[in-house]
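1. Here's a sequence, model it:
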Amino acid sequence: MKWTIGTKISGIVAFAIAIFLILGIISTRMVNNLIASADWNTHTYKVLAAQESIISLLKDAETGQRGFIITGEENYLEPFNSAINKVYQQINSVVELTNDNPEQQESLVKLRILVNDKIEELNQTIELRRNDGFDAALNVVKSDLGKEIMDSIRVSHVEFENHENELLKLRNIRMINDTKVIKSFFIYGISLSILIILIIGILIIRNITRPLKEITKIASSISNGDLSMEINTGNRKDEVGILLQNFSKMVNNLRRIMKDISEGVNLLSSSSSEIVAATTQVASGSAETASAISETSTTVEEVRQAAQLSSQKASRVSENAQQVAQITQTGQKAVEETVNGMHEIQNQMEDIANTIVRLSEQSQQIGGIIASVNDVADQSNLLAVNAAIEAAKAGEQGKGFAVVAQEIKNLALQSKQATIQVRNILNDVQKATSAAVMATEQGSKMVENGVKQSAQTGKSIRVLSESVNESVQATTQIVASSQQQTVGMDQIGLAMQNINQAGTENAASMMQAEKAAKDLNELGLKLKMLVEQYKI
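-> Next up is the predicted model:
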């Protein structure tokens, strides 16, 4: 049978209950016997009281009889009549109370006969007093018949009472003995039962507490980090034995787990150290990359501003070229008017001279504009070279920027070629204006040759108009290219801002990764310290 702790405790509880149940049954029987003895004593007292009542009633009857004899009045017979009615009831009651005692039953038979004789004697004297008078009744009384019967009744009563007193004495002795037995039983029986239960309980408690102390010692060693102890599970099959077996399994599992954790922690420590070193390098590189991207963004912003300036200058050149075109058209009209109105040449020579002077000034302005356009082209070419260098540094992300830089370079070359053409045309214009100035100086002298010179001037002006128109178209192309360049530089600036933001976020992420790696390294060191606290 497998005696578990619950079975052992239940067994001792059941044993204690059984002992107390037996004690209860025995004590109940003893108490019942004591109660029965007390009831018999009470029964004896009732018998004695009933017997005494019979004598008392007979005395009452005799008293009523004597009063009637002396007085002759019927009201003196009331005690007699009341006693006669009750005396037989008391006799029957005593007979019923002593029906278990044959000896007392015989005494009661004799007593009933004597009571009948006494009542008959009393009735006789009463009848004599009624019928024959006082003397007849007095003679019966003087005969001592009634006294003799009453004495016999008293003797029978004393014998009956003595017998009941003897029974009462025996029953009192028995009740006293039962009381002593009950006291002894409660004192010694219960004490012995408690002692037996206490001894068995101590044995069971020792059987349970000793291995529990061992388990507590093992648990204390485990809490202190000592997993090297060996647990003796024994052959116990109860809960304590199962607990010892489970503790043994737990210690073995903890020992194995701690070995695995120790190896993992060592690996984690070395790996986290490598991760910290790698993340530190990557964070440093990310910071340098972010700095380079920031510098590139600044350069792109400068290039974008230069492109906007170039576009503005190209717009101004285009406006000036349009003005030159309008001026050449005006000059062409003037030449035609000169051909048609040679007769008015002299009157208009001053206007022509003024017009030629303004043309010379405007030619000089156009020369300054061409120089500015040439500078813009050179600067655009330089910016294109710088942009190509920065695109090469950016690698794959700078390929689109390299294409834009190439387009800017091509536009700069086109602008430079266009300015060379415009410069050539302006040289021609300046030569023509110089010739016109000289012609105006000699105009008064050479009126005869005015038509020819006017025709030549008209031809030159037409050539100039065509050149100016070509210059206007070139400046228009420059303006469109500059606008495209500006849009491209805006796109490049936005892309570089995105790249800069991404680089900043990447640097922040790498710093977080570096912090996480350091935290991981610290965690690995803490785990290693915790694992080293356990003795395997």
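2. quick one: buried residues of stretch 65-73?
-> Buried residues in stretch 65-73, defined by neighbour count with 16 or more other CB atoms under 10 Å: 65-69. The way it works is simple: take the backbone N, C-alpha and C, and place the C-beta from them, glycine included.
3. That should have said stretch 143-161, apologies.
-> Buried residues in stretch 143-161, counted by 16+ other CB under 10 Å: 146, 149-150, 152-153, 156-157, 160-161.
4. What would that stretch look like as PDB? C-alpha coordinates only.
-> This file holds the C-alpha atoms of stretch 143-161, laid out as PDB (Å, rounded to 0.1, in the frame of the first residue of the first chain):
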ATOM      1  CA  SER A 143     -62.100  -2.200  72.100                       C
ATOM      2  CA  ASP A 144     -58.700  -1.200  70.500                       C
ATOM      3  CA  LEU A 145     -59.500  -3.000  67.300                       C
ATOM      4  CA  GLY A 146     -58.800   0.000  65.200                       C
ATOM      5  CA  LYS A 147     -55.500   0.700  67.100                       C
ATOM      6  CA  GLU A 148     -54.300  -2.900  66.500                       C
ATOM      7  CA  ILE A 149     -55.100  -2.600  62.800                       C
ATOM      8  CA  MET A 150     -53.300   0.700  62.600                       C
ATOM      9  CA  ASP A 151     -50.300  -0.700  64.500                       C
ATOM     10  CA  SER A 152     -50.100  -3.600  62.000                       C
ATOM     11  CA  ILE A 153     -50.300  -1.100  59.200                       C
ATOM     12  CA  ARG A 154     -47.400   0.900  60.700                       C
ATOM     13  CA  VAL A 155     -45.400  -2.300  61.200                       C
ATOM     14  CA  SER A 156     -46.000  -3.200  57.500                       C
ATOM     15  CA  HIS A 157     -45.100   0.400  56.500                       C
ATOM     16  CA  VAL A 158     -41.900   0.300  58.500                       C
ATOM     17  CA  GLU A 159     -40.900  -3.000  56.900                       C
ATOM     18  CA  PHE A 160     -41.700  -1.700  53.500                       C
ATOM     19  CA  GLU A 161     -39.800   1.500  54.100                       C
END
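5. from now on call the first residue 620
-> Renumbered: residue one is now 620, and that last one reads stretch 762-780.
6. Show me what that stretch is in contact with.
-> Stretch 762-780 has contacts (CB atoms under 8 Å, 6 or more residues apart in numbering) with 667, 670-671, 673-674, 677, 681, 723, 726-727, 729-730, 733-734, 736-737, 740-741, 744, 759.
7. If we go by neighbour counts, what in stretch 630-639 is buried?
-> 631, 635, 638.
8. And stretch 831-843, by the same measure?
-> In stretch 831-843, the ones that count as buried by 16+ other CB under 10 Å are 833-834, 837, 841.
9. Secondary structure added to the buried residues of stretch 684-692, as JSON lines?
-> Below are the buried residues of stretch 684-692 laid out as JSON lines (DSSP: H, G, I helix; E, B strand; the rest coil):
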{"residue": "684", "secondary structure": "helix"}
{"residue": "685", "secondary structure": "helix"}
{"residue": "686", "secondary structure": "helix"}
{"residue": "687", "secondary structure": "helix"}
{"residue": "688", "secondary structure": "helix"}
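10. As TSV, those residues with distance to residue 1137 and pLDDT would be great.
-> Output for the buried residues of stretch 684-692, formatted as TSV (distance: CB to CB, whole Å; pLDDT from 0 to 100):
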residue	distance to residue 1137	pLDDT
684	133	85
685	133	86
686	132	88
687	135	88
688	138	85
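11. Distance to residue 1081 for those - can I get that in CSV?
-> Converted to CSV, the buried residues of stretch 684-692 look like this (distance: CB to CB, whole Å):
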residue, distance to residue 1081
684, 197
685, 199
686, 196
687, 198
688, 202
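12. hmm, which of the contacts of stretch 762-780 are the buried ones?
-> Neighbour-count burial (16+ other CB under 10 Å) applied to the contacts of stretch 762-780 gives 667, 670, 673-674, 677, 681, 723, 726-727, 730, 733-734, 736-737, 740-741, 744, 759.
13. quick one on the thing from earlier: make TSV out of the buried residues of stretch 762-780 and add pLDDT.
-> Converted to TSV, those look like this (pLDDT from 0 to 100):
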residue	pLDDT
765	79
768	86
769	84
771	87
772	87
775	84
776	83
779	85
780	84
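14. Tell me the one of the residues you listed nearest residue 1007?
-> Closest approach between those and residue 1007, by CB to CB: residue 780, at 152.6 Å.
15. Next secondary structure after the helix or strand containing the closest one?
-> Under the criterion of DSSP states H and E, residue 780 resides in helix 764-803. Next in sequence after helix 764-803, counting helices and strands by DSSP H and E, comes helix 809-842.
16. I'd like to know which elements that next one is packed against.
-> helix 624-690, helix 858-959 (3 or more CB pairs under 8 Å, 6 or more residues apart in numbering; DSSP states H and E).
17. For residue 1025, find the nearest of those helices.
-> The nearest among the helices and strands packed on helix 809-842, by CB to CB, is helix 858-959 at 13.8 Å.
18. ok so, going back, would a markdown table of the helices and strands packed on helix 809-842 with distance to residue 1124 be doable?
-> What follows is the helices and strands packed on helix 809-842, written out as a markdown table (distance: least, CB to CB, whole Å):
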| stretch | distance to residue 1124 |
| --- | --- |
| helix 624-690 | 65 |
| helix 858-959 | 9 |
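19. ok, of the ones you listed, where does mean pLDDT dip lowest?
-> Note on those: helix 858-959 shows the lowest mean pLDDT, a mean of 69.
20. so how far is residue 836 from the nearest residue to residue 850 once chain neighbours are set aside?
-> Closest residue in space to residue 850, ignoring its immediate chain neighbours: residue 867 at 4.2 Å, by CB to CB, 6 or more residues apart in numbering. Going from residue 867 to residue 836 by CB to CB, to the nearest Å gives 14 Å.
21. from the buried residues of stretch 630-639, which single one is nearest residue 931?
-> residue 631 (109.8 Å).
22. ok, back up a step: out of the buried residues of stretch 630-639, which comes closest to residue 824?
-> Among those, and counting by CB to CB, the member closest to residue 824 is residue 631, at 9.4 Å.
23. What residues does the closest one make contact with?
-> 816, 819-820, 823.
24. Residue 822 versus that one, what's the distance?
-> Counting by CB to CB, the gap from residue 631 to residue 822 is 9 Å.
25. What of residue 948?
-> Plainly put, residue 948 is 135 Å away from residue 822 if you go by CB to CB.
26. what do you get for residue 841?
-> 30 Å.
27. Need the residues that contact stretch 728-735.
-> 673, 677, 706-707, 710, 768, 771-772, 775-776, 779.
28. farthest-separated two in the residues you listed?
-> Between any two of the contacts of stretch 728-735, the greatest separation by CB to CB is 18.0 Å, found for 707 and 771.
29. just to revisit the earlier point, next, format the buried residues of stretch 831-843 as a markdown table and append pLDDT.
-> Shown next, in a markdown table, are the buried residues of stretch 831-843 (pLDDT from 0 to 100):
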| residue | pLDDT |
| --- | --- |
| 833 | 74 |
| 834 | 74 |
| 837 | 74 |
| 841 | 73 |
